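Student: Quick one, fold the following:
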Amino acid sequence: MGTEIHLEVGGASIDWAKNNRGNDYGMLFQESDLKRVKSDQIDYDYFIKNEEEPDQMEFAFVRSLKDIAPRLELLGFSLDSIRQSYINFVKENRDENSSAEEVMSFEELCLFLNEHPIQSLDNSYVEYNDPHHNEKIFGRFANIDSFERFPGFTPGIGHASSERSYFIDLFSFFHPLSILRILAECKSNLDVDVIWQFGPLVEAGWANMDEFYSGARRDQKFLIATEGSSDVHILKRAFNLIYPQIEDFFHFIDVSERHPFSGTGNLLKFAEGLIKIDVLNQIVFLFDNDAEGVDTYNRLSSWAIPSNMRAMVLPSLDTFRSFPCRGPEGMTTSDINGRAAAIECYLDLDIVGRPTASVIWTNYKKELDVYHGALEYKDSYTQYFMKQTKETVASGAYSVDRLRAVLDSVLLVCSEVAIVN
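Tutor: Prediction:
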């Protein structure tokens, strides 16, 4: 008979294979997601009789849809990319005599999908000889005329065995990970578990344990190339404290001894070299939101940058529009966006016992007609941040609002770069 392996969401299978691993879904999970889960492919009576435990036979990766959703974005499954894939699918499969109006728009399809939270659907297995077999499987969807506007829709239950599996099968023309991403738009689905159980398959000898490992794969990771060592330390720590569910997608230039491309000029040369040798890695060049960073970013942006690379500047924030600054006229307030907002400015600058944070103006940038500035005592703010814990962040004792804005900007750019493998 063999052994099956399924990728399930809320108990409904969205992909499966028999007697082999099938598609790799380890990148959806992290090491802490390895758990034991009951399986209907395990003879529990045997273990009870022999007073044994199934142990590794129950091994599975388990993670909530809420924590998987941002990983899907970094894998290239953003709503924008899924929408385009859907449009292309409709065009390729449209009958010559049909019109665009006859097929559901992507927005209508998503709305329908999320009008029915997955846990609200009956997942009871319907026996084939049940006199009400089809009626039970169709469930609430028995008389919905709009199904005729689904691309590729055909009447019948197909391989469905419950109302929930019938519902999921309606969207089988989507990539399995696209289904997960769309389901994540419904708040009621966010706490539902996504499960990839491999224990029974390994125990039956159809696969090896080393075929199942978690974490972003090498070609799915993003190199975040920064101007200096402090940027690397701050960003790595920020991902760990704010978005630990995706931190394995990012790696940085090794600065354990020194930064090999320190400064905006060297980072620009590094970018130029990578572009010329056509490196295939996913790379984001991140510049400070100061005069030198903006100037260098503008120069890099004028080049023909490959689709697997992007350049960006730290985000401009409203809180920087009136920031204490020290210059020839003494202390004033000024907009430091594009002039003096290096990454240290995005830390929590309200430290008890310390004077008000301020920027000091240094040199004039003729190309931009602005003065460049730097945060005073910036190293002390970095040192204080590196001492923070997930508890101090969660409690609000240390504010990460500005750092979250930085990470969100990085994630947005990375989702645009991400390639579906």
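Student: Relative to residue 76, how far out is residue 178?
Tutor: 10 Å (CB to CB, to the nearest Å). Glycine gets a C-beta too; all of them are placed from N, C-alpha and C.
Student: any idea how far stretch 9-20 is from the chain center?
Tutor: 22 Å (CA atoms, centre = their mean, to the nearest Å).
Student: Make 41 the first number, not 1, from now on.
Tutor: Done: numbering now begins at 41, and the last item shifts to stretch 49-60.
Student: Doesn't residue 401 lie inside a helix?
Tutor: No - according to DSSP: H, G, I helix; E, B strand; the rest coil, the state of residue 401 is strand, so it is not within a helix.
Student: For beta bridges, what are the partners of the nearest residue to it once chain neighbours are set aside?
Tutor: Excluding the flanking residues, the one nearest residue 401 by CB to CB, 6 or more residues apart in numbering is residue 367, at 4.1 Å. Residue 367 forms beta bridges with residue 370, as assigned by DSSP bridges.
Student: any idea how far residue 373 is from residue 367?
Tutor: 11 Å.
Student: which of these two has more neighbours?
Tutor: Taking neighbours as other CB atoms under 10 Å, residue 367 and residue 373 compare with residue 367 leading, 14 against 11.
Student: what's the spacing between that one and residue 416?
Tutor: In terms of CB to CB, residue 367 sits 12 Å off from residue 416.
Student: Overlap of the contact sets of those two?
Tutor: Counting by CB atoms under 8 Å, 6 or more residues apart in numbering, the shared contacts of residue 367 and residue 416 are residue 400.
Student: tell me how far the lengthiest helix in the chain is from the chain's mean position?
Tutor: Ranked by residue count and defined by DSSP state H, the top helix of the chain is helix 441-457. How far helix 441-457 lies from its chain's middle: 11 Å, per CA atoms, centre = their mean.
Student: Next: stretch 243-256.
Tutor: 23 Å.
Student: Looks like residue 199 contacts residue 212 (just checking).
Tutor: No - in this structure residue 199 lies outside contact range of residue 212 using CB atoms under 8 Å: 9.5 Å.
Student: neighbour count winner among the two?
Tutor: For residue 199 versus residue 212, the count of surrounding residues by other CB under 10 Å is larger for residue 212: 14 against 10.
Student: SS state for that one?
Tutor: coil.
Student: which residues does it contact?
Tutor: Here residue 212 is in contact with no residue (CB under 8 Å, 6+ apart).
Student: same thing with residue 439?
Tutor: Taking CB under 8 Å, 6+ apart, we find residue 439 in contact with 388, 390.
Student: Would it be right to say that it lies in a strand?
Tutor: No - counting by three-state DSSP, residue 439 is not found in a strand; it is coil.
Student: for it, phi and psi?
Tutor: When read as degrees, to the nearest 10, the backbone of residue 439 gives phi -80, psi 130.
Student: how far away is it from residue 425?
Tutor: From residue 439 over to residue 425 (counting by CB to CB), the distance is 11 Å.
Student: Check residue 317 too.
Tutor: Distance from residue 317 to residue 425, counting by CB to CB: 35 Å.
Student: Give me the more crowded residue out of those two.
Tutor: Between residue 317 and residue 425, counted using other CB under 10 Å, residue 425 has the larger neighbour count: 21 against 8.
Student: Nearest spatial neighbour of that one, chain-adjacent residues omitted?
Tutor: residue 387 (4.9 Å).
Student: Let me know the distance separating that neighbour from residue 422.
Tutor: Taken as CB to CB, the span from residue 387 to residue 422 is 7 Å.
Student: what touches both of those two?
Tutor: Contacts common to residue 387 and residue 422, judged by CB under 8 Å, 6+ apart, are residue 274.
Student: which regions of the stretch 141-290 of the chain sit below the pLDDT cut-off?
Tutor: Residues of the stretch 141-290 of the chain meeting the criterion pLDDT under 70: 141, 185-186, 192-196.
Student: Contacts only, for residue 225.
Tutor: Each residue near residue 225 by CB under 8 Å, 6+ apart is listed here: 119, 150, 153, 154.
Student: which SS class is the residue nearest to the third one when sequence neighbours are not counted?
Tutor: Taking CB to CB, 6+ apart, and ignoring the residues beside it in sequence, residue 153 has residue 222 as its nearest neighbour in space, at 5.5 Å. Classification of residue 222 by three-state DSSP places it in helix.
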